[in-house]
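Engineer: next comes the sequence, and after it the predicted model I'd like to discuss.
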Amino acid sequence: MRPLGFARIVLRAELLYLRRVARRHAGRLLVGLVAAGFLVACLALLHAAAVLALIRLMSPLLAILCVAGADLLIGALLAALALRDRPGALEREALAVRDTAARELARAAAFGALAARLTALLRRRDRRAGG
């Protein structure tokens with residue numbers, strides 16, 4: 001395969017990889033925003049109801065602390081979900097293709113440079129021998 005062919009493969013694999021990474025990060029961002037919105041909206045409404053219900057069973061301070069603990073647990077679980085970052089199979093495959101093509105491109109470029117250098121040396125030797 002020619003070096004230009006390897007360069008095209010490297011470029012295509014890199015573009016595919018970057019598109020998949022961008023899609024994955026956009027999904028993570030969306031989940032994070034939904035989680036934050038859910039926490040703000042739902043917890044604001046549920047706080048008052050939960051505290052009022054718990055006040056019947058315990059002191060107001062303990063009721064508020066119980067609700068805050070539940071908020072912390074829900075928030076931590078949603079944050080862990082938003083921070084989960086695992087590349088998919090297609091991303092890993094695109095990286096493997098990119099790396100293989102880049103290695104082949106480097107080999108082809110090195111061979112081309114070596115061939116050009118050898119050709120120049122042989123021409124010089126032929127000129128000296130003929131002159």
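Structural biologist: All right, it came through fine. Quantities reported herein were computed from a predicted structural model and do not represent experimental measurements.
Engineer: packing partners for the host helix or strand of residue 16?
Structural biologist: Residue 16 is part of helix 3-55 when elements are defined by DSSP states H and E. Helices and strands touching helix 3-55, by 3 or more CB pairs under 8 Å, 6 or more residues apart in numbering; DSSP states H and E, are helix 60-83, helix 89-130. Where you see a C-beta, it was placed from the backbone N, CA and C, and this is true even at glycine.
Engineer: these: which one's closest to residue 24?
Structural biologist: helix 89-130 (7.4 Å; CB to CB).
Engineer: angle of the closest one against helix 3-55?
Structural biologist: Interaxial angle, helix 89-130 versus helix 3-55 (axes from the mean of the first three to the mean of the last three CA atoms, to 10 degrees): 160 degrees.
Engineer: packing partners for helix 89-130?
Structural biologist: Using 3+ CB pairs under 8 Å, 6+ apart: helix 89-130 touches helix 3-55.
Engineer: count the residues that sit near residue 75.
Structural biologist: Number of residues near residue 75 (other CB atoms under 10 Å) recorded here: 15.
Engineer: if I pick it, what's in contact with it?
Structural biologist: residue 39 (CB atoms under 8 Å, 6 or more residues apart in numbering).
Engineer: weakest of the helices and strands packed on helix 3-55 by average pLDDT?
Structural biologist: Mean pLDDT is lowest for helix 89-130 among the helices and strands packed on helix 3-55, at a mean of 82.
Engineer: wait, residue 28 sits on residue 80?
Structural biologist: No: between residue 28 and residue 80 there is no contact under CB atoms under 8 Å: 11.8 Å.
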